[in-house]
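sequence? don't have it. structure:
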C-alpha cells in the first residue's frame, strides 16, 4: 500500500518539520542570519497554530489556515502593533515558500501551499554613505589618537573603507587571515561557508602592520584579529558603538551603520572606475542587479558636481 502524508506513522509534526528544515538549511550552507530569520518566521506560524490548538501535523495545514496566519496580527504587525516593514513581510513569505517547497519535495504534503505567495519588491533606497572628505576626516581623527584602542579602531575602519568587507566577516577574522606579504586578507563569508581574498593596498598594509604590533602584545589566547577591551573577540554591536563614537569625534553629522562604510567603499570605487563588474567583484555580489544601486548614487554625485559649475 502506498504511503501518503496522512498515513505516515507517526505523522510529521510541525515542530519536527521545522527542526528538520533547520538541519537542511545549515547543510546547504545558508548564513546564520538567514537560518535564524527563517526559524523566527516559522516559529510565529507554529505559535499561531498552537494558540488555536490546530495542526499537530504538517499534512493538516490547509490553504485557509495558512492565509489566516498571514493576515493575523502575529504575522502582519510588530510587537507594538505597527504594520511590519515590507522587507520583513517579504522575508517571512520567502521562509514559508522555502519551507513548504521542501515539505512538498520530500513527500510530506500533497500540495505546495505557499507556491502562490507573491513577493512584493520594495523600491530600494540609495544607502547612506560618507563622502570622500568625510571618510578621510573620520580616519584622520582616529589615526591622530594614541593608544591600543585607537590603533585597533583605525585598522577596523580602514579595512571597511578600503576593502568593503561585511561586518560579520570582519568580526570573524583571525590573526592567520592577514597575509601582509601576499597583500591579501582571507575572508570567510558570513553568507555561507565560502572563502575569498581581499586585496590590501599599501596604505592599508601600513595600518594593519601598526595594529598587528599592538595586537601581538595582548594577553589573550583568542585567535581573533580584533579584540574587545576584555581581550575577547569583538562583537558587531561594539563595532557599531565605536563607529558612532568616532563619527561624533570627527564632526560628521550622519547616522551611519558599519554597513554604511561598505556602501562608502562601493560608491567611491564605482566613482573612480565606473565599472560595475569591478564593484561586483569587490563586494562579492552574486548578482549584478544588487550592485546596480551604486549607479544611482553616482548619478546623484554627478548632478551635485554640475550644480557647482
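Arrived safely. What you are looking at is a predicted structure, and each value in this text was computed from that prediction instead of being measured. Numbering: from 1, shown residues only.

Now do the helix or strand harbouring residue 208: everything it contacts.
Secondary structure assignment for residue 208, by DSSP states H and E: helix 202-215. For helix 202-215, the external contacting residues (CB atoms under 8 Å, 6 or more residues apart in numbering) are 143, 148, 151-152, 154-155, 158-159, 162-163, 175, 178, 180, 183, 200, 225, 227. No exception for glycine: its C-beta is placed from N, CA and C like everyone else's.

so of those residues, which ones are in strands?
Applying DSSP state E to the contacts of helix 202-215, the entries found in strands are residue 178.

Okay, and which of the contacts of helix 202-215 map to helices?
Residues of the contacts of helix 202-215 located in helices (DSSP state H): 143, 148, 151, 152, 154, 155, 158, 159, 162, 163.

Among those, which one has the most neighbours?
Greatest neighbour count in the ones in helices among the contacts of helix 202-215, by other CB atoms under 10 Å, goes to residue 159: 26 neighbours.

residue ranges with poor pLDDT in this structure?
For the chain, the stretches with pLDDT under 70 are 1-9, 53-56, 121-126, 189-194, 273-279, 281-309.

Helices along that one, start to end?
Using DSSP H, helices in the chain cover 14-27, 32-51, 63-70, 73-76, 86-105, 132-143, 148-163, 167-171, 202-215, 236-249, 258-273, 276-283, 288-291, 293-307.

And these: which comes nearest residue 114?
Nearest to residue 114, of all these, is helix 86-105, at 3.9 Å by CB to CB.

Who are the packing partners of the closest one?
Counting contacts by 3 or more CB pairs under 8 Å, 6 or more residues apart in numbering; DSSP states H and E, helix 86-105 is packed against helix 14-27, helix 32-51.

Mind putting the ones you listed into TSV with distance to residue 269 and mean neighbour count?
Below are these laid out as TSV (distance: least, CB to CB, whole Å; neighbours: other CB atoms under 10 Å):
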stretch	distance to residue 269	mean neighbour count
helix 14-27	32	15
helix 32-51	25	16
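
of those helices, which approaches residue 137 most closely?
Here helix 32-51 is closest among the helices and strands packed on helix 86-105 (CB to CB), at 31.5 Å.
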